[in-house]
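Q: Sequence and predicted structure are below.
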Amino acid sequence: MLKIIVNKELFDLHIEEIFLKINGLFEGINESNLDQIDKKCLKYIKDNLKDILKANNNELKEYIKYFQENYPNSIGVENQKKEEWHQLYKIIRDEIFEKEYNNWGKRKTYGSYKFVETLDLKTCPYCNRNYTFIVDEESGKLRPELDHFYPKSIYPFLAMSFYNLIPSCPICNHTKSSKVSENLINPYDIKDDDFKFTYKPTDISFSQIESKKYDMDSFEIEFKKKNENIDIFKLDELYKQHKDIVVDLLMKKAYYPKSYVEELEKSFGFTKDEIYRYLLNNYKKEEDLHKRPLSKLIKDISEELDLI
């Protein structure tokens, strides 16, 4: 729901560090029980490891397709019992990528805490409703959960790919779980108009202001466009619970006409960004929207109301 801006320095660090760690894990792999195709799969992963780690979302899709067509034994089956795992899948998951993912979570130099700290997202990119603050590992080890956009239980070879690691709130991570959809939008690929809020009056009383109060039953919050993310993360249902935010904006529209805003700018020297923060308690720039919950909703509705 909010676009994640790539941190190039973090990206380069991640590829360099994880490549070295995973590359080392291949040294101890026992391939004796694998057939030639499965051995070829491990060689392919080792030879293309750096490209797999740095693959963007479109490239991740291509890798998934390639492995499905050429190395089906590397693909996991949802809810399959461990004793039923194919040996190749078990090696890729348990002995290489899952092992590194777990080690990465404990590492004090470059680990998962450093990753989320440097990426510095303050709210969940899937919902923009919950904070994703971190607490220093020495004082509590609290950090947001990391969702694998393409589940590591199904595609273990993508478990450490940079664009597959999405800091998220527990609600969104558990709601999405291991769901796979061709049409799901990766937060790194989000465009502004993919998730645009609007409000829709449902009753004629909506336009009738009495003591400058609005009836919450007289309108609905909607998305201008529908997509798979809205369905999977239940965003329609969740945002219906935030009508009070829209009512606050409608009230501000009634109390603070354009003339008031212009007066603040001309007579008191406030910039438009300062007035925006003062009136709406929100951020205006797209790259800052992650800093507060519900900021996208406030931005879209306030623009529709022409508040600032």
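A: That came through fine. Numbers count the residues shown, from 1 in each chain.
Q: ok now do the spatially closest residue to Glu78 that is not a sequence neighbour, which residues does it touch?
A: Distances taken as CB to CB, 6 or more residues apart in numbering place Ser178 nearest to Glu78, at 5.6 Å, with adjacent residues excluded. C-beta coordinates here come from the backbone N, C-alpha and C atoms, glycine included. By CB atoms under 8 Å, 6 or more residues apart in numbering, the contact list for Ser178 reads Glu78, Pro151, Ser153, Ile154.
Q: Tell me which two in those are the farthest apart.
A: Glu78 and Pro151 (8.0 Å; CB to CB).
Q: Pick out whichever of those two has more residues nearby.
A: Using other CB atoms under 10 Å as the criterion, Glu78 and Pro151 rank with Pro151 on top: 19 against 11.
Q: Now the residue nearest to the more buried one when sequence neighbours are not counted, what are its backbone angles?
A: With sequence-adjacent residues excluded and distances taken as CB to CB, 6+ apart, Pro151 is closest to Ser178, at 4.0 Å. Here is the backbone geometry of Ser178 (degrees, to the nearest 10): phi -100, psi 20.
Q: ok, Phe19 touching Asn48?
A: No - with contact defined as CB atoms under 8 Å, Phe19 does not count as touching Asn48 (11.1 Å).
Q: List the buried residues of stretch 2-14.
A: Leu2, Lys3, Ile4, Leu10, Phe11, Leu13, His14 (16 or more other CB atoms under 10 Å).
Q: I'd like to know how far the residue nearest to Pro151 sits from Ser218.
A: Using CB to CB, to the nearest Å, one obtains 40 Å as the distance from Ser178 to Ser218.
Q: related to what we said a few turns ago, looking at the contacts of Ser178, which one is closest to Thr271?
A: Among the contacts of Ser178, and counting by CB to CB, the member closest to Thr271 is Pro151, at 45.1 Å.
Q: What backbone torsions are found at the closest one?
A: phi -50, psi 130.
Q: what bits of this structure have low per-residue confidence?
A: 137-141, 204-214 (pLDDT under 70).
Q: which stretches of it form strands?
A: Along the chain, counting by DSSP state E, strands occupy 145-148, 165-168, 197-201, 219-223.
Q: how about the last one: buried residues?
A: Yep, that's strand 219-223 we're talking about. Of the residues in strand 219-223, Phe219, Glu220, Ile221, Phe223 count as buried by neighbour count, 16+ other CB under 10 Å.
Q: so what strands line up beside it?
A: strand 197-201 (antiparallel) (DSSP bridges).
Q: Using CSV, write out every CA atom in the strand it pairs with.
A: Presented in CSV, the C-alpha positions along strand 197-201 are these (Å, rounded to 0.1, in the frame of the first residue of the first chain):
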residue,chain,number,x,y,z
PHE,A,197,-8.7,6.4,-1.2
THR,A,198,-11.9,8.2,-1.8
TYR,A,199,-15.2,8.6,0.1
LYS,A,200,-18.6,7.8,-1.2
PRO,A,201,-21.8,9.4,0.2
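Q: contact partners of it?
A: Residues from elsewhere that reach strand 197-201, judged by CB under 8 Å, 6+ apart: 207, 218-224, 239, 246, 296-297, 300-301, 304.
Q: Just flag the most distant two among those residues.
A: Using CB to CB, these reach their maximum pairwise distance at Ser207 and Lys296, which is 25.4 Å.
Q: Name the residue in those two with the higher neighbour count.
A: When neighbours are counted by other CB under 10 Å, Lys296 comes out ahead of the other of Ser207 and Lys296, with 25 against 9.
Q: Next up, the contacts around the residue nearest to that one when sequence neighbours are not counted.
A: Distances taken as CB to CB, 6+ apart put Asn128 closest to Lys296, at 5.1 Å, once the chain neighbours are dropped. Each residue near Asn128 by CB under 8 Å, 6+ apart is listed here: Met1, Leu2, Leu289, His290, Pro293, Leu294, Ser295, Lys296, Leu297.
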